[in-house]
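Colleague: quick one, what's the 3D model for this:
(one chain, ligands or ions: 1)
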Amino acid sequence: MKFFIDTANLDQIKEANDLGILDGVTTNPSLMAKEGIKGTDAINNHYKAICQIVGQKDVSAEVLSVTFEEMVEEGKKLAALNPNIVVKVPMIKDGVKAIKWFTDNKIRTNCTLIFSAGQAILAAKAGATYVSPFLGRIDDSGWDGVQLIEQIAQIFAVQGFKTEILAASIRNANHIIRCAEAGADVCTCPLDSILALLKHPLTDIGLAKFLEDAKKM
Ligand code: E4P
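Modeller: Predicted coordinates for the structure are as follows:
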């Protein structure tokens, strides 16, 4: 399973990249706004800065428009910023059309705001590189997000779809582990969820004892 970091914060992206286990970055308009990025030039420069930090790794950049024509124009410009940009497109009717256009024109896509297996099938049929089921938001509303990942994984395997399942809206380390079990190809996670995977009290206790005993060596 690949690890993406789900943030537009350059320090966090650098920290995750320095860990050596990072495979890519996802952003969305909320994450960009949180960093105070405003205006086309600043947005484009920020995506370029992210690409510079992570090198040859995928960076999802979301279109802000909702009509086919506008999404195509916007996506072309985003894709031209860097070869590693993946154009993030919402799961709406014009979004499906735009994904097909991008597929036909060799521009990679991440279909975002996936909340059902039917939506994932449509995105895969249009040739999306990734589908992003939002499992945390599904859990937040009292349903089971991981179950959706399992269902999509089964459908894609049976149907031979090449689209990768990018589990998004991750809330904690347990989500990451359950996504790995469920067959997600990628998990995009906040930095604290990635770092939480490191933690186990027995590791800390064991290390303290080894270091103490090492003084007697
Ligand atoms: C990433 O691609 C998604 O936009 C993101 O994971 C959504 O996360 P949230 O539900 O925490 O906003």
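Colleague: name the SS class of the residue positioned nearest the centre of the chain, please.
Modeller: The residue lying closest to the centre of the chain (CA atoms, centre = their mean) is Thr188, at 3.8 Å. At Thr188, secondary structure determined by DSSP: H, G, I helix; E, B strand; the rest coil is strand.
Colleague: partner residues bridging it?
Modeller: On the basis of DSSP bridges, Thr188 is bridged to Phe4.
Colleague: how near is it to the ligand?
Modeller: Distance, Thr188 to the ligand, using CB to the nearest ligand atom, to the nearest Å: 5 Å. To be clear about C-beta, it is placed using only N, CA and C from the backbone, and glycine gets the same treatment.
Colleague: what score does that residue have for pLDDT?
Modeller: Thr188 carries a pLDDT score of 98 in this model.
Colleague: test my guess that it contacts Asp6.
Modeller: Yes - using CB atoms under 8 Å, Thr188 is in contact with Asp6, at 4.2 Å.
Colleague: is the closest residue to Val25 other than its chain neighbours in a bridge, and if so with what?
Modeller: Leaving aside its chain neighbours, Val25 sits nearest to Val59 (4.7 Å; criterion: CB to CB, 6 or more residues apart in numbering). Beta-bridge pairing for Val59 (DSSP bridges): Val25, Ile85.
Colleague: surely Val59 and Cys51 touch.
Modeller: Yes - under the criterion of CB under 8 Å, Val59 makes contact with Cys51 at 5.4 Å.
Colleague: now the end-to-end length of stretch 167-186.
Modeller: 6 Å (CA to CA, to the nearest Å).
Colleague: try stretch 111-121
Modeller: End-to-end distance for stretch 111-121: 11 Å, by CA to CA.
Colleague: so what pLDDT did Phe4 get?
Modeller: 98.
Colleague: and if you look at Glu70?
Modeller: So, for Glu70, pLDDT stands at 98.
Colleague: quick one on the thing from earlier: quick check, pLDDT for the residue nearest to Val25.
Modeller: In this prediction, Val59 has a pLDDT value of 98.
Colleague: how many neighbours does it have?
Modeller: Using other CB atoms under 10 Å, the number of residues around Val59 comes to 23.
Colleague: one more: the one 3 residues further on?
Modeller: For Glu62, the number of neighbouring residues by other CB under 10 Å comes to 22.
Colleague: spit out the residues that contact Thr188 and Asp6 alike.
Modeller: Counting by CB atoms under 8 Å, 6 or more residues apart in numbering, the residues touching both Thr188 and Asp6 are 26, 168, 170.
Colleague: which residues touch the second one?
Modeller: So the one you mean is Ala168. 6, 26, 112, 132-136, 188.
Colleague: inside strands: which ones of these?
Modeller: 6, 26, 112, 132-133, 188 (DSSP state E).
Colleague: A strand includes Ile107, no?
Modeller: No - Ile107: not assigned to a strand; according to three-state DSSP it is coil.
Colleague: quick one, strands of this protein?
Modeller: Applying DSSP E to the chain gives strands spanning 2-6, 24-26, 58-62, 85-90, 109-114, 130-133, 164-167, 186-189.
Colleague: could I get those in JSON lines, plus columns for distance to Ile177?
Modeller: Formatted as JSON lines, the strands of the chain follow (distance: least, CB to CB, whole Å):
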{"stretch": "strand 2-6", "distance to Ile177": "12"}
{"stretch": "strand 24-26", "distance to Ile177": "19"}
{"stretch": "strand 58-62", "distance to Ile177": "22"}
{"stretch": "strand 85-90", "distance to Ile177": "25"}
{"stretch": "strand 109-114", "distance to Ile177": "21"}
{"stretch": "strand 130-133", "distance to Ile177": "16"}
{"stretch": "strand 164-167", "distance to Ile177": "11"}
{"stretch": "strand 186-189", "distance to Ile177": "9"}
